[in-house]
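Novice: Next come a sequence and a model predicted from it.
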Amino acid sequence: MEARNIFRNISPLDHRYSISEQDVFDSLVPWISEEASITACVKAELALVLAHLSMRGALTAQTRQMLEQAAATVTPDEVYAEEEKTRHNIRALVNVLKTKVPAAFAPLVHLGATSVDILDTSLAYRMRGVCREAALPLLRKLELLLCDFVEREAATPQVGRTHGQHAVPITVGFALAEYVSRLGKSILEIERLSLQLKGKLAGAVGAYNATSMIVRDPEELERRYLAELSLEPSEHSTQLVEPEYLLRLLLEYNIAFGIIANLADDLRNLQRTEIGELREGFAADQVGSSTMPQKRYPWNSEHVKSLWKAFMPRVTTFFMDQISEHQRDLSNSASQRFIADYIAGFCPAVLLRPLEKGQRFCYCRHQSQFRHLARNPCHHFTLPGQGRRKAKDVLLSL
């Protein structure tokens, strides 16, 4: 297949962000690239062959190794070329895989399966993998950075704000501890939900019609098939795995995304000229504005907020993919492919570069910031018998 200059790609994810966050995208490629999608489907088809052999008592270590080596030679180019003939992605993959395995095992490829047995199972395998190998490590790293920041700035005074106005004194550490708590809970939930993803081998309508004609215990065949991918069967299936397993995970991603965007917003607002309590790290050759040399705008925080704006609304599509008519329709076929884009947009935001590079807090003690102290001294002034209103008036006149 013809190689393409990276700058001829259409999605910004595939050029701008894959270049600037190379390590992140390298961790995503094994799970959510098109190559990864095809590889996972091959793994699922191989798992089915191994399950059939296991049910027959014919699976040996040597046979497993031979089949794994054969499956590893399937390439996306071959599958795409075959799909030009079949106009069906899984049939194309099956046709290619049958040419790779020894002829004696070819009849077992896709035996008793429908396409979605492979597609939904491989998607669960990939979504669990990308979560545990890419997203969760980034989230945990951010959580630890926040914890370190909270401890380091635990005694740094800051003006508390409600309704965008000064309230009473807090510390920077206290303000950021909110995000440690909120994000920490979301990380634990993402981890839990990633372990709940399910697969299936229940056939065209979920009733084991095909596999019950092949083996005595089709549910045992399903269990062995999924065990090859460290998955378990969905409690109930139509042609599809119950969509709520994946939906709940994606919704929790969106919750974490919102928490990170909220944090980015707070960091950005503290860098306003009239506040000036925080500044992002700025490299020696970095430019804030093409025309205003004094500008050091909070582009990292704004970048995170912008990514959230681009990807958060996709939760609507996640909900829409929950609906499938009767035992299955194809209305999620195209839309579900863009889950990969969502994950690829989420992970760079988790980096939250301002925290990684280091911030510098500047506590500016100009006159307006003393007014936020008024509430607590009021309590002390009223103790000796002073009227609260009078105490407040005195403080406000300072």
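Specialist: Structure received.
Novice: Let me see the ranges of the strands in this structure.
Specialist: 157-162, 165-171, 198-199, 232-233, 278-280, 359-361 (DSSP state E).
Novice: Let me know which of those is the nearest to residue 12.
Specialist: Among those, strand 278-280 comes nearest to residue 12, with 21.8 Å by Cβ to Cβ. For every residue, glycine as well, the C-beta is placed using N, CA and C.
Novice: I'd like to know how many residues surround residue 317.
Specialist: For residue 317, the count of nearby residues is 16 (other Cβ atoms under 10 Å).
Novice: quick one: it and residue 338 touch, right?
Specialist: Yes. Counting by Cβ atoms under 8 Å, residue 338 is a contact partner of residue 317 at 7.2 Å.
Novice: where does the protein dip in pLDDT?
Specialist: Applying pLDDT under 70 to the chain picks out residues 1-2, 353-398.
Novice: Could you tell me how far residue 168 is located from residue 162?
Specialist: As defined by Cβ to Cβ, to the nearest Å, residue 168 lies at a distance of 9 Å from residue 162.
Novice: Would you enumerate the residues in contact with the most centrally placed residue in the chain?
Specialist: Closest residue to the average C-alpha location of the chain: residue 343 at 4.2 Å, with Cα atoms, centre = their mean. Residues in contact with residue 343 (Cβ atoms under 8 Å, 6 or more residues apart in numbering) are 28, 32, 130, 134-135, 253.
Novice: Now render these as a markdown table, adding neighbour count and distance to residue 203.
Specialist: Putting the contacts of residue 343 into a markdown table (neighbours: other Cβ atoms under 10 Å; distance: Cβ to Cβ, whole Å) gives the following:
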| residue | neighbour count | distance to residue 203 |
| --- | --- | --- |
| 28 | 23 | 32 |
| 32 | 24 | 27 |
| 130 | 24 | 27 |
| 134 | 24 | 32 |
| 135 | 25 | 32 |
| 253 | 26 | 30 |
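Novice: closest to residue 309 among these?
Specialist: Closest to residue 309, out of all of those and judged by Cβ to Cβ, is residue 253, at 15.5 Å.
Novice: That closest one touches residue 190, doesn't it?
Specialist: Yes. With contact defined as Cβ under 8 Å, residue 253 counts as touching residue 190 (6.6 Å).
Novice: list the residues that contact both of those two?
Specialist: Residues touching both residue 253 and residue 190 (Cβ under 8 Å, 6+ apart) are residue 135.
Novice: all helices for the stretch 51-200 of the chain, in order.
Specialist: Per DSSP state H, counting those that start in this stretch, the stretch 51-200 of the chain carries helices over the ranges 61-71, 76-86, 89-100, 115-130, 136-152, 172-194.
Novice: Could I get the buried residue list for the last one?
Specialist: By that I understand helix 172-194. Across helix 172-194, burial judged by 16 or more other Cβ atoms under 10 Å covers 172-177, 179-180, 182-184, 186-187, 189-191, 193-194.
Novice: Okay, angle between that helix and strand 157-162 too, please.
Specialist: Orientation of helix 172-194 against strand 157-162 (axes from the mean of the first three to the mean of the last three Cα atoms, to 10 degrees) gives an angle of 60 degrees.
Novice: could you say what helices and strands helix 172-194 packs with?
Specialist: Applying 3 or more Cβ pairs under 8 Å, 6 or more residues apart in numbering; DSSP states H and E, we find helix 172-194 packed against helix 136-152, strand 157-162, helix 244-269.
Novice: Compile those into CSV and extend it with columns for distance to residue 38.
Specialist: Below are the helices and strands packed on helix 172-194 laid out as CSV (distance: least, Cβ to Cβ, whole Å):
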stretch, distance to residue 38
helix 136-152, 24
strand 157-162, 51
helix 244-269, 19
